[in-house]
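Novice: need coordinates for the following:
(chains A and B)
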There are 2 protein chains.
Amino acid sequence: MKIVLDAMGGDIGPSVNVAGAVEAVEEWDVEVILTGNQKQIEDELQKFSYDKERITIVNCTEVIENSDKPSTAIRKKKDSSLVVGFEMIKEKKADAIISAGNTGALLAGGLFIIGRIKGLKRPALAVPFPTPKGLSLLVDAGANVDCKAQHLYEFALMGSLYMEFVGQLAKPKVCLVNVGAEKEKGNELTKEVYQILSSSDLHFEGNIEARDIPSGYADVVVCDGFTGNIILKLFEGVAQTFSDGLKNAVLSDWKSKLGGFLMQPAFKSFKKQFDYTEHGGVPFLGVNGLVIKAHGSSNSKAIKNAIKQARITHEALLIDKIKDRISEMTDTGNSIEGENR
Amino acid sequence: MKIVLDAMGGDIGPSVNVAGAVEAVEEWDVEVILTGNQKQIEDELQKFSYDKERITIVNCTEVIENSDKPSTAIRKKKDSSLVVGFEMIKEKKADAIISAGNTGALLAGGLFIIGRIKGLKRPALAVPFPTPKGLSLLVDAGANVDCKAQHLYEFALMGSLYMEFVGQLAKPKVCLVNVGAEKEKGNELTKEVYQILSSSDLHFEGNIEARDIPSGYADVVVCDGFTGNIILKLFEGVAQTFSDGLKNAVLSDWKSKLGGFLMQPAFKSFKKQFDYTEHGGVPFLGVNGLVIKAHGSSNSKAIKNAIKQARITHEALLIDKIKDRISEMTDTGNSIEGENR
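Specialist: Here you go, the predicted structure:
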């Protein structure tokens, strides 16, 4: 398979993208097309020996910065590493695109250049997150800040297909983020979503309170994109505060320092559980192609794992599964396009 | 001052409420009126020696359980420890009420028995939470799951007055929970709230992303009650997952066990930072009286600290400050009742 990697994306820039690509082609049977500044990419590539047939460069003269307004950038920066990459997906010259750059621009490019899957209203960001029971998927993690009930049904459907075909779970357990476990709990939106999910053929297990999300009780955690963004970022913030607090605790006196030294291997394996670089990127589900957002501060391992994830998702034929499911629903009159909720 | 304590409230029941009351009257000049089953309360009280003039009992024959439907329970269980307590506040026989019982019933009792402060639309739960920079206040933490922009302005106003007069901060920094720091970010609700807060005379410092909430950057963290509930419970859930993970790390091998043993005092002081029992309860702001929700799993220390908080809030004349502020606004034509948003 061919994967376009936006070599200019991310806080660090070409070095980690190039290194991640080299590590990936060494390990798996994939081709990587690096879009971006040819000179900069070549400078990085010459640090490695690699199969030159499987890593190629498409030179681009522009870069979309994190500070750029997404929709304007996509429209105006036609020769940017991201837009050129999206055009290749649209023209079927590649099977997937990965970028660690501007998230808004990635969403805009997905929507405006590749377009939505027919019959689907709202593509969504699906974040796989580590739990003691394995990966869970949070969807929507921020693509749609204002949602109607039917949109959350789409998120649940796509998330469920992702966990079934990519996560290889027979019957992914879907839960709705809510303020209480009981079905009558919630705001207007979640009460309506509860009804829809209950009468769907998804494996819906009811509401989940936010305190139970980290435990991994649900395989697919469904919410609107505003709530999803809050969950994701609070997770990050609490983890940071804890890790800072723990660091201070270790440094507080000599006994703690010694204790911390003895615990180092245990701390490491504990930290690894919550390490995003282990788990690839965030698929943008619902657009007519495979689009993966890598974390802005990705290192080469994170980029390599995003490539691995693209490969697995491609082999699982996820986009086709979503398309088939949507068109089945349209055929049987259960169109989700039909209702304008 | 006189404080009504719902002796039947909470997961543990009378024992912790009675013990908390005894500890409180020992330390501060307060009177506690315990409402509930006289026999059970007396059985607990006889375990202590205490000033009998300052702890009294009002016998009640009913209890509102956690499983009771709040509004029905408030209407039907007239002789419950909670309803009797609320009636005492209404009749000015006491200055504050504290309960660790059914949260919904506490809110319903506040709204239907005591009533809202005139001119205010939406009373809200304000949760003080520990941060490395001291306490911050999250409001609304769950009383109003569907909100209009003007309601969030009320939350900001009340939260700001709380942190000024109870938290003793000269100019509490108010931030709006949002998906991005920039003012154009957000959903329909937060965009509208941003405008209102910007043109208010509160010390509004713009949006706060969820990842920055735990750091204590904002003194008052404003959001709708659905979002507030998610934040509060996710905080709890992530903390639990981390603490479990840490426990497993300590137990993983003999070196870690020894390390964990050496780090015990440091772990303890780290844990104390995040201990809710240190920080009293959650005031229900905007009702015409001082109402404090204690954590369902409160121990006696948590109850004692809720009493301390009631005392400080009473002495700070918070309810009067809120009333004054609202009536000033009504007088100057800035009525928040006027607009039906």
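Novice: now the strands for the stretch 201-341 of chain A?
Specialist: A:204-208, A:220-222, A:282-285, A:290-293 (DSSP state E, counting those that start in this stretch).
Novice: quick one: is the last one near chain B?
Specialist: No. Applying CB under 8 Å from any CB of the partner chain, one finds that strand A:290-293 is not in contact with chain B, the shortest distance being 15.1 Å. The C-beta positions use only the backbone N, C-alpha and C, and glycine is treated the same way.
Novice: what's in contact with that strand?
Specialist: Around strand A:290-293, the neighbours that count as contacts under CB atoms under 8 Å, 6 or more residues apart in numbering or on different chains are A:89, A:95-100, A:103, A:106, A:109-110, A:114, A:125, A:280-284, A:306, A:309-310, A:313-314, A:318-319.
Novice: one more time with 6 Å, if that's ok
Specialist: A:96-98, A:103, A:106, A:110, A:281-284, A:306, A:310, A:313-314 (CB atoms under 6 Å, 6 or more residues apart in numbering or on different chains).
Novice: can you name the two of those that sit furthest apart?
Specialist: The largest separation in those, counting by CB to CB, is between A:T103 and A:H314 at 21.6 Å.
Novice: the stretch 201-341 of chain A: helices as residue ranges?
Specialist: Listed in chain order, the helices of the stretch 201-341 of chain A (DSSP state H, counting those that start in this stretch) span A:225-250, A:254-273, A:300-315, A:318-331.
Novice: need those in TSV (columns: distance to chain B and mean pLDDT).
Specialist: Below are the helices of the stretch 201-341 of chain A laid out as TSV (distance: least, CB to the nearest CB, whole Å; pLDDT from 0 to 100):
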stretch	distance to chain B	mean pLDDT
helix A:225-250	4	89
helix A:254-273	3	83
helix A:300-315	18	96
helix A:318-331	25	90
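Novice: got the angle for the worst-scoring helix or strand of chain A on mean pLDDT vs helix B:254-273?
Specialist: Within chain A, confidence by mean pLDDT, DSSP states H and E is lowest for helix A:254-273 among all helices and strands, at a mean of 83. With axes from the mean of the first three to the mean of the last three CA atoms, to 10 degrees defining the directions, helix A:254-273 sits at 90 degrees from helix B:254-273.
Novice: give me the buried positions along helix A:254-273.
Specialist: A:S256, A:G259, A:G260, A:L262, A:M263, A:A266, A:F267, A:F270 (16 or more other CB atoms under 10 Å in any protein chain shown).
Novice: likewise stretch A:137-151?
Specialist: A:137-145, A:147-151.
Novice: ok, those vs chain B, which is closest?
Specialist: Chain B has its nearest neighbour among these in A:V145, at 4.0 Å by CB to the nearest CB.
Novice: for the closest one, which non-adjacent residue is spatially closest?
Specialist: Computed as CB to CB, 6 or more residues apart in numbering or on different chains, the closest residue to A:V145 that is not its neighbour in sequence is B:N187, at 4.0 Å.
Novice: what's the separation between the one you found and B:Y217?
Specialist: The gap separating B:N187 from B:Y217 is 21 Å, by CB to CB, to the nearest Å.
Novice: who's more crowded, the two?
Specialist: B:N187 (20 against 16; other CB atoms under 10 Å in any protein chain shown).
Novice: next, the contact list for the more buried one, please.
Specialist: Contacts for B:N187 (CB under 6 Å, 6+ apart) come out as A:V145, A:D146, A:F226.
Novice: any idea how far B:D224 is from it?
Specialist: From B:N187 to B:D224 the distance is 10 Å (CB to CB).
Novice: next up, identify which helix or strand A:A19 is on.
Specialist: helix A:14-27 (DSSP states H and E).
Novice: and for that helix, what's in contact with it?
Specialist: Residues contacting helix A:14-27 (CB under 6 Å, 6+ apart): A:5, A:7, A:32, A:40-41, A:44-45, A:48, A:50-51, A:54-55, A:299-300, A:303-304, A:307.
Novice: how about JSON lines for the buried residues of helix A:254-273, with distance to A:V238 added?
Specialist: Formatted as JSON lines, the buried residues of helix A:254-273 follow (distance: CB to CB, whole Å):
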{"residue": "A:S256", "distance to A:V238": "22"}
{"residue": "A:G259", "distance to A:V238": "23"}
{"residue": "A:G260", "distance to A:V238": "21"}
{"residue": "A:L262", "distance to A:V238": "26"}
{"residue": "A:M263", "distance to A:V238": "21"}
{"residue": "A:A266", "distance to A:V238": "21"}
{"residue": "A:F267", "distance to A:V238": "17"}
{"residue": "A:F270", "distance to A:V238": "15"}
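Novice: in the stretch 51-200 of chain A, which spans are strands?
Specialist: Under DSSP E, counting those that start in this stretch, the stretch 51-200 of chain A gives strands at A:55-59, A:96-99, A:124-131, A:134-139, A:174-177.
Novice: reformat those strands as CSV; add mean pLDDT and distance to chain B.
Specialist: Formatted as CSV, these follow (pLDDT from 0 to 100; distance: least, CB to the nearest CB, whole Å):
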stretch, mean pLDDT, distance to chain B
strand A:55-59, 98, 31
strand A:96-99, 98, 19
strand A:124-131, 93, 8
strand A:134-139, 95, 11
strand A:174-177, 98, 7
